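J.: need coordinates for the below:
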Amino acid sequence: MQMLGEQLYPLVQRFEPEHANKVTGMLLEMDQTEVLHLLESPDALKEKVAEAMAVLQDYVAGESDASKELGAIGTD
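T.: Below is the predicted model of the structure:
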């Protein structure tokens with residue numbers, strides 16, 4: 001798995017330099033066969049990186065909303 005990560009990271013870094021660590025980790029959670037396919041197919045990798053970033057952005061937005069809600073609860 002570490003070897004796959006070492007191969008995948010520089011490729012992910014080309015698309016998302018700021019979030020390469022997180023996105024690489026997310027991609028490594030996929031099936032190993034699919035990760036190998038991503039290493040061989042730049043188009044498939046680009047698509048999966050975009051999907052991972054969308055999930056990450058939704059997560060961050062959700063956390064932001066949750067903290068706003070908690071803040072509103074605290075002021076009641």
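J.: every contact and neighbour count from this point should use C-alpha atoms.
T.: Will do.
J.: could you measure from the residue most central in space within the chain over to Met30?
T.: Per C-alpha atoms, centre = their mean, the C-alpha nearest to the average position across the chain is that of Val23, at 2.9 Å. Relative to Met30, Val23 is positioned 11 Å away (C-alpha to C-alpha, to the nearest Å).
J.: any common contacting residues for the two?
T.: Shared contacts of Val23 and Met30 (C-alpha atoms under 8 Å, 6 or more residues apart in numbering): none.
J.: tally up the residues packed near Thr33, please.
T.: 8 (other C-alpha atoms under 10 Å).
J.: can you tell me the SS state at Met30?
T.: Under the three-state scheme (DSSP: H, G, I helix; E, B strand; the rest coil), Met30 adopts coil.
J.: and it, how many neighbours?
T.: 10.
J.: do Glu18 as well
T.: By other C-alpha under 10 Å, neighbour count at Glu18 equals 10.
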